[in-house]
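K.L.:
Got a predicted model here, sequence first, then my questions.
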Amino acid sequence: MRIVFLTDQMTRVLFLFYFLFSLSAAAEPTKVICELNGEYSITYKDLKKTYLSEGIEFFKNLARQTQQSLFLLDRAKSSFAETDWSRDKIYAVQYWDIDTDNEIFQSLKYSIEPSPIWIYPEASSRIEMHPEGSSVVHFLNNEDKHPLFDDLLVDFYQVENSINWFTGKGKLKVDIWLKHKDGARGKSPKVAIDAFGKCEPQKKKF
């Protein structure tokens with residue numbers, strides 16, 4: 001009897017085939033629903049003038065966005081005291097239309113409950129392809145007026161939906177930093193959402 005040992009790469013490939021096959025019996029593209037649970041956080045406090053606030057300049061311009069800039073964003077959020085944030089549970093659903101032949105998605109819809117008023121559904125979007133799956137990033141440009149609020153400008157706006165081919169899980173990550181046009185302090189909303197969940201084949205068209 002011959003025993004075959006699988007390498008990590010072979011295991012990943014086999015898991016991918018199993019995941020894609022389980023999503024679709026025959027018909028393509030496959031509609032997949034992901035149910036996510038997470039936390040919605042908001043603060044109206046302003047960041048003090050430190051190297052973290054200066055570092056915000058790195059991620060204001062999406063064209064210059066780097067891992068360093070996102071690291072500074074997380075550091076900026078963590079600089080607030082725990083009591084500065086109002087936190088609540090949140091539920092999100094992603095509806096992916098997947099082209100399993102090419103292992104990419106064709107479209108995405110998503111909903112959030114309760115839906116934060118700061119999210120603008122018609123924001124510009126871009127597609128990011130990663131070895132582990134696809135991401136759709138909705139964004140507004142810095143210094144633009146928020147489309148839903150005449151008195152608020154965008155410091156940073158990003159809503160990222162992603163799906164992982166290997167784990168069969170979805171993720172929603174939201175970072176929205178807004179400021180008042182008149183420079184008023186202490187009233188500028190800063191919103192963060194982190195939600196994760198399992199993806200299953202959708203049985204009903206949307």
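P.N.:
The structure has been received and is ready for your questions.

K.L.:
just checking, next helix/strand downstream of the helix or strand bottoming out on mean pLDDT in the chain?
P.N.:
Ranked by mean pLDDT, DSSP states H and E, the weakest helix or strand in the chain is helix 8-23, scoring a mean of 48. Per DSSP states H and E, the first helix or strand lying C-terminal to helix 8-23 is strand 30-43.

K.L.:
I'd like to know which elements that following strand is packed against.
P.N.:
strand 86-99, strand 169-180, strand 190-201 (3 or more Cβ pairs under 8 Å, 6 or more residues apart in numbering; DSSP states H and E). C-beta coordinates here come from the backbone N, C-alpha and C atoms, glycine included.

K.L.:
is it fair to say Ile127 lies in a helix?
P.N.:
No - counting by DSSP: H, G, I helix; E, B strand; the rest coil, Ile127 falls outside a helix, being strand.

K.L.:
who does it bridge with?
P.N.:
For Ile127, the beta-bridge partners under DSSP bridges are Val136.

K.L.:
do Lys171 as well
P.N.:
Ser162, Phe196.

K.L.:
Chain neighbours aside, what residue packs nearest to Cys34?
P.N.:
Nearest non-adjacent residue to Cys34, counting by Cβ to Cβ, 6 or more residues apart in numbering: Gly170, 3.1 Å away.

K.L.:
ok, now which ones touch Glu128?
P.N.:
Contacts for Glu128 were tallied using Cβ atoms under 8 Å, 6 or more residues apart in numbering; they are Ser134, Ser135, Val136, Val137.

K.L.:
let me redo that: Ala195
P.N.:
Ala195 neighbours (Cβ under 8 Å, 6+ apart): Leu36, Asn37, Gly38, Glu39, Ile90, Tyr91, Ala92, Lys171, Leu172, Lys173.

K.L.:
so Phe71, which of the three states?
P.N.:
Applying three-state DSSP: Phe71 is helix.

K.L.:
and the gap between it and Glu122?
P.N.:
Going from Phe71 to Glu122 by Cβ to Cβ, to the nearest Å gives 29 Å.

K.L.:
Please identify the most buried of the helices and strands packed on strand 30-43.
P.N.:
Of all the helices and strands packed on strand 30-43, strand 169-180 carries the top mean neighbour count, a mean of 21, counting by mean count of other Cβ atoms under 10 Å.

K.L.:
can I assume His138 is in contact with Val159?
P.N.:
Yes - if you go by Cβ atoms under 8 Å, His138 and Val159 touch, sitting 4.3 Å apart.

K.L.:
Spell out which residues are contacts of both of these two.
P.N.:
Each of Ala123 lies in contact with both His138 and Val159 under the rule Cβ under 8 Å, 6+ apart.

K.L.:
of these two, who's got more company?
P.N.:
Each of His138 and Val159 has its neighbours counted (other Cβ atoms under 10 Å); Val159 has more, 24 against 20.

K.L.:
Spit out the contact partners of that one.
P.N.:
Neighbour list for Val159: Ile119, Ala123, Val137, His138, Phe139, Leu172, Lys173, Val174, Ile176 [criterion: Cβ under 8 Å, 6+ apart].
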